[in-house]
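when you get a sec, could you give me coordinates for this:
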Amino acid sequence: MKRLTLIRHAKSSWDDPFLADFDRPLNHRGQYDLPLMCARVQAHGPRPDRLIHSSALRTRLTATPLIEAFELDNASVMSTERIYEASEDALLELIRQQPDHIEHLMLVGHNPGLLMLAHWLCEEAPAKLPTSAVIQLELATAHWDTLEPDSARLLWFDFPKLHAQSYK
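As a prediction, the model looks like this:
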């Protein structure tokens, strides 16, 4: 069994209309939500064997505290533009290329690709994937390259507004 954790980046800023989408930073809410989301991911565990994140600024800023919290070394982290605006097929191709010694893979990326991938893998996947949302799946395979549709079981799903007390 493999484990796949999908994380949508924290809420990003639209304050600068001239800034390229790829270069948008996190807004105040994203910065507020990030440590709380990171703590919940760490509490649920396990430590990922590899974390792959989009190289877009908002996604790098979301991945950094996860990398630090899990004390991942450079060999366990990959930043790639392939995840930026990636379709479910592109994400699936990236996942299928992972070596089998990796038991837990964490992807930090963007919608709609992450949500579409979650639905392809798991019929229990949520209808929406808000910012800072986390979906953890258990995959019914020992080999990343043999992933099939509806082959995953939803382990947990979380997002900031589930924790309404943090918004008071």
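
worst-scoring helix or strand of this protein, pLDDT-wise?
helix 28-44 (a mean of 95; mean pLDDT, DSSP states H and E).

elements contacting it?
strand 2-8, helix 57-69, strand 134-139, strand 152-158 (3 or more Cβ pairs under 8 Å, 6 or more residues apart in numbering; DSSP states H and E). The way it works is simple: take the backbone N, C-alpha and C, and place the C-beta from them, glycine included.

next helix or strand past that helix?
strand 50-54 (DSSP states H and E).

show me what residue 158 is bridged to.
residue 134 (DSSP bridges).

how many other residues sit next to it?
17 (other Cβ atoms under 10 Å).

I'd assumed residue 43 was in contact with it.
No. Applying Cβ atoms under 8 Å as the test, residue 158 and residue 43 come out as separate, 10.1 Å apart.

pLDDT at the residue in the chain sticking out farthest from the centre, what is it?
Most distant from the centre of the chain: residue 18, at 26.9 Å, with distances by Cα atoms, centre = their mean. In this model, residue 18 is scored at 94, pLDDT.

so residue 108 sits in a strand?
Yes. Residue 108 forms part of a strand when assessed by DSSP: H, G, I helix; E, B strand; the rest coil.

so what's it up against?
By Cβ atoms under 8 Å, 6 or more residues apart in numbering, the residues touching residue 108 are 7, 8, 9, 51, 52, 53, 54, 59, 62, 63, 66, 83.
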